[in-house]
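# Fold the stuff below for me.
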Amino acid sequence: MKHPAMKLKELIKSNKILVMPGAYDALSARLIERAGFDAVQVSGFGVSASYLGMTDASFTNLTDIFMITRNIVNAVNIPVMTDADTGYGNAVNTAWTVRQLGLAGAAGVNLEDQVFPKICGNLEGKALISLDEMVGKIKAAVDHKVHPDFIINARTDAVGVTSVEDAIKRGNAYVEAGADMIYISSPPSVEIIKRLVKEIKAPISINMKEGGVTPDLTVKEFEDLGVARVSVPLTTMFAAARGIELALDYLKEKGTAEHYEGLMSFEELNDITDEQLVRSQEIKYGVQRESL
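Numbering: from 1, shown residues only. Coordinates of the predicted model:
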């Protein structure tokens with residue numbers, strides 16, 4: 001069976017743009033797979049929001065991300081790229097982080113050049129570590145891959161902090177250090193995206209966040225610009241949060257949600273969560289459900 005990292009590398013190198021919706025838990029990842037997407041991105045913001053009820057400001061740690069990544073990997077049969085923020089420390093910490101997330105089954109990882117504690121790329125107040133420090137982190141990450149095809153997706157926030165020129169300089173330096181792909185955080189215009197794709201010597205990744213800084217383009221429009229991969233980090237979280245809010249409003253008003261049309265049925269949820277698999281295994285292994 002082909003290793004997930006090999007699958008992910010093939011998808012990134014193909015002529016077709018790779019769309020990776022963000023998952024914040026195993027159920028959202030399984031829904032992404034069932035919708036027909038070829039790969040899934042663990043959303044750092046989504047994990048922080050769902051797991052802690054907090055914004056994306058370095059409140060999660062390696063243990064949190066390891067456990068959630070492992071659960072997501074176990075839930076799906078498509079490659080999973082996870083999010084390691086800044087590597088949770090210096091280059092030595094980054095080396096440990098990349099190894100552990102590889103052991104969790106991830107096919108790749110996002111590593112970014114913000115200072116710690118980082119914040120969401122669409123928020124004001126970001127600051128960057130030096131180019132040399134980030135190069136050291138990438139080299140450490142490359143040296144500690146658990147599989148040779150494990151993807152290092154090096155993210156730079158330079159466009160929104162310093163300049164487009166600095167983003168290009170950093171991107172090419174990160175490629176030279178061994179990064180497989182350069183993730184440009186929140187580029188504000190089509191013209192800037194075109195320049196980044198042209199001048200950075202690696203596949204370019206862009207994030208699509210509803211209401212964010214990145215231009216509101218379709219996947220096809222990003223593909224036409226030469227972008228290799230788009231992550232869609234928060235669509236699942238936005239949809240889930242609004243859906244829960246509306247369902248609870250209905251329950252509060254009506255006293256029941258029995259006839260609320262926005263709910264998935266019990267049968268549908270059982271299907272997604274492998275209820276039939278559990279039942280078939282109980283029969284196969286002679287599991288008895290009898291009161292003592």
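
# For the helix or strand hosting Val175, enumerate the helices and strands it packs against.
Assigned by DSSP states H and E, Val175 belongs to helix 164-177. Counting contacts by 3 or more CB pairs under 8 Å, 6 or more residues apart in numbering; DSSP states H and E, helix 164-177 packs against helix 131-143, strand 151-156, helix 158-161, strand 181-184, helix 190-199. In short, each C-beta sits where N, CA and C put it, glycine included.

# Now Val197. Nearest residue, chain neighbours left out?
In this structure, Val197 finds its nearest non-sequential neighbour in Gly226, 4.0 Å apart by CB to CB, 6 or more residues apart in numbering.

# now Ala26
Leaving aside its sequence neighbours, Ala26 sits nearest to Ala75 (CB to CB, 6+ apart; 3.8 Å).

# which residues touch that neighbour?
Taking CB atoms under 8 Å, 6 or more residues apart in numbering as the criterion, Ala75 is in contact with 26-27, 29-30.

# from those residues, which two are the most distant?
Spatial extent of the contacts of Ala75 (CB to CB) is set by the pair Leu27 and Ala29 at 7.2 Å.

# out of those two, which sits in the busier spot?
Taking neighbours as other CB atoms under 10 Å, Leu27 and Ala29 compare with Ala29 leading, 28 against 17.

# Just the element for that one, please.
Short version, using DSSP H and E: Ala29 is in helix 26-34.

# Correct me if wrong, but Gln41 is in a strand.
Yes - under DSSP: H, G, I helix; E, B strand; the rest coil, Gln41 falls within a strand.

# Show me what the closest residue to it other than its chain neighbours is bridged to.
Nearest non-adjacent residue to Gln41, counting by CB to CB, 6+ apart: Met20, 4.1 Å away. Following DSSP bridges, Met20 is listed with bridge partners Ser231.

# In contact with Met20, which residues?
By CB under 8 Å, 6+ apart, the contact list for Met20 reads 37, 39-41, 81, 229-232.

# which residues sit against the longest helix that the chain contains?
Determined from DSSP state H, the single longest helix within the chain is helix 235-254. Residues outside helix 235-254 that contact it (CB under 8 Å, 6+ apart): 21-24, 28, 31-32, 43, 45-46, 49-50, 210, 257, 260, 262-263.

# cool, stretch 168-181 as well?
Stretch 168-181 is contacted by residues 9, 12, 108, 113, 131, 134-135, 138-139, 141-142, 151-154, 156, 158, 182, 184, 195-196, 199-205, 228-229 when judged by CB under 8 Å, 6+ apart.

# Next: stretch 280-292.
Residues from elsewhere that reach stretch 280-292 (CB under 8 Å, 6+ apart): none.

# chain center to that stretch: distance?
Stretch 280-292 sits 38 Å away from the centroid of its parent chain (CA atoms, centre = their mean, to the nearest Å).

# In CSV, list the C-alpha atoms belonging to that stretch.
Extracted in CSV, the C-alpha atoms of stretch 280-292 (Å, rounded to 0.1, in the frame of the first residue of the first chain):
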residue,chain,number,x,y,z
SER,A,280,-20.4,-7.0,12.1
GLN,A,281,-17.4,-7.3,14.4
GLU,A,282,-19.6,-8.2,17.4
ILE,A,283,-21.1,-11.0,15.3
LYS,A,284,-17.7,-12.2,14.0
TYR,A,285,-16.1,-12.4,17.4
GLY,A,286,-19.1,-13.6,19.3
VAL,A,287,-19.7,-10.6,21.5
GLN,A,288,-22.7,-11.1,23.7
ARG,A,289,-24.9,-8.3,25.0
GLU,A,290,-26.6,-9.9,28.0
SER,A,291,-27.2,-8.6,31.4
LEU,A,292,-25.2,-10.3,34.1
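
# where's Val135 relative to Asp157, distance?
Distance of Val135 to Asp157, computed by CB to CB, to the nearest Å: 16 Å.

# brain fart, Asp274
Counting by CB to CB - Asp274 and Asp157 are separated by 39 Å.

# neighbour count winner among the two?
Neighbours were counted for Asp274 and for Asp157 using other CB under 10 Å; Asp157 has more, 22 against 13.
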